[in-house]
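# everything below, folded, please.
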Amino acid sequence: MTGSLYYSVAACVEQLTDKTTEGAALKWLNSHREELTSVEASLALKGIRQVQSEMAQELINFFELKFSGITGFAEEDSGEQKAIHEETVVEELKKELAKKDAELKKQKALNAVLAEMLLKKERENIMLLQEKRDAFRGEN
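Numbers count the residues shown, from 1 in each chain. Take a look at the predicted model:
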């Protein structure tokens with residue numbers, strides 16, 4: 001994996017949060033160990049650990065599929081052809097990240113609506129309890 005492509009991918013991965021299983025990260029790193037320097041491998045491990053568990057395997061599979069084309073280039077392929085392919089991969093990764101980000105935003109919006117509904121219901125319950133308390137005090 002070339003440095004510029006790696007850093008683009010790492011930036012995409014790091015934007016996703018939470019943790020993944022260390023095993024999945026190590027498996028991915030192990031399969032790419034000949035392509036990565038030790039610094040890149042360390043950064044990749046850090047980035048992969050930040051990906052949510054269920055997204056991690058999906059993204060790792062996506063990365064492996066896209067990188068298999070890059071690493072499959074023959075030695076005589078021109079640098080320009082490889083650069084064009086890398087740009088395409090980066091754009092696809094950005095699109096994938098944008099989709100995941102949109103899903104996350106939608107889920108956050110839904111959670112906010114549900115929280116507001118729960119808060120409203122809780123306020124109604126408190127008001128009912130206060131009315132019952134006041135009614136009980138009025139009878140005694």
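# okay, now the unreliable bits of this structure?
Scanning the chain with the threshold set as pLDDT under 70 gives 1-85, 140.
# for it, longest helix please?
Within the chain, and with DSSP state H defining each element, the longest helix by residue count is helix 79-139.
# just checking, what packs against that helix?
Helix 79-139 sits against helix 3-15, helix 53-71, with contacts defined as 3 or more Cβ pairs under 8 Å, 6 or more residues apart in numbering; DSSP states H and E. All C-beta spots, glycine's among them, are computed from the backbone N, C-alpha and C.
# go again using 6 Å as the cut-off
Packing contacts for helix 79-139, counted by 3 or more Cβ pairs under 6 Å, 6 or more residues apart in numbering; DSSP states H and E, involve helix 3-15.
# give me the contacts around stretch 125-137.
Contact with stretch 125-137 is made by no outside residue, as judged by Cβ atoms under 6 Å, 6 or more residues apart in numbering.
# show me the contacts for residue 91.
Contacts of residue 91 (Cβ under 6 Å, 6+ apart): none.
# ok, residue 122 next?
Contacts of residue 122 by Cβ under 6 Å, 6+ apart: none found.
# please report how far it lies from residue 135.
Residue 122 sits 20 Å away from residue 135, going by Cβ to Cβ, to the nearest Å.
# next one: residue 98
Taken as Cβ to Cβ, the span from residue 98 to residue 135 is 56 Å.
# residue 117 now?
27 Å.
# residues near residue 102, how many?
Using other Cβ atoms under 10 Å, residue 102 has 10 neighbouring residues.
# measure it to residue 96 for me?
Taken as Cβ to Cβ, the span from residue 102 to residue 96 is 11 Å.
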